[in-house]
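Asker: Have a look; sequence and predicted model below, questions after that.
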Amino acid sequence: MMFQRLRGAAAALCLAACGCSVMKEVPRDEYAAQPERKDVRVETRSGERHEFERMVVRGDSLTGYERQDSEGAFEEFETFALALEDVGKMSIRSVDWYRTGLVGGVAAAVALAVVLTQAHKGSSGDGGSQGPCGDRPCP
């Protein structure tokens, strides 16, 4: 019984930690509003698409650091320098707290319903004595 509760708590913790993320487009006049951003997707006017882990804006250009797949123990990044006027679209990944709260609330309601159902099953009965294994015989 304790293992099931622990497993349920771990699932709820995982759900809360992941959250629901969305890509929000940044208006063109706000590209240089922050000197550094994380989790940025940039599409250039020529059609290139870059997923930057980190991006730095200086003046009229940006420098993006894109993670590369590698088999080594260290993370490798490729650096891209782009002029801001070459950027066609910029989006930032962020947590959508409304969706995360909605999913978390539904998960909490389901967990509460399961607990209440189990408590109701345990309290109802014929008043007889049951062993630790319930109606079935213990091994």
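Answerer: Sure thing, it's come through. Residues are numbered from 1 along each chain as shown.
Asker: tell me which strands and helices the longest helix seen in the chain is in contact with?
Answerer: When the chain is parsed with DSSP state H, its longest helix is helix 97-123. Secondary-structure packing of helix 97-123 (3 or more Cβ pairs under 8 Å, 6 or more residues apart in numbering; DSSP states H and E): helix 2-18. The C-beta positions use only the backbone N, C-alpha and C, and glycine is treated the same way.
Asker: After the helix it packs on, heading C-terminal, what element do we hit next?
Answerer: Using DSSP states H and E, the helix or strand that follows helix 2-18 in sequence is strand 21-25.
Asker: other SSEs contacting that following strand?
Answerer: Partner elements for strand 21-25 (3+ Cβ pairs under 8 Å, 6+ apart): strand 87-95.
Asker: Buried ones in the strand it packs on, by neighbour count?
Answerer: V87, M90, S91, I92 (16 or more other Cβ atoms under 10 Å).
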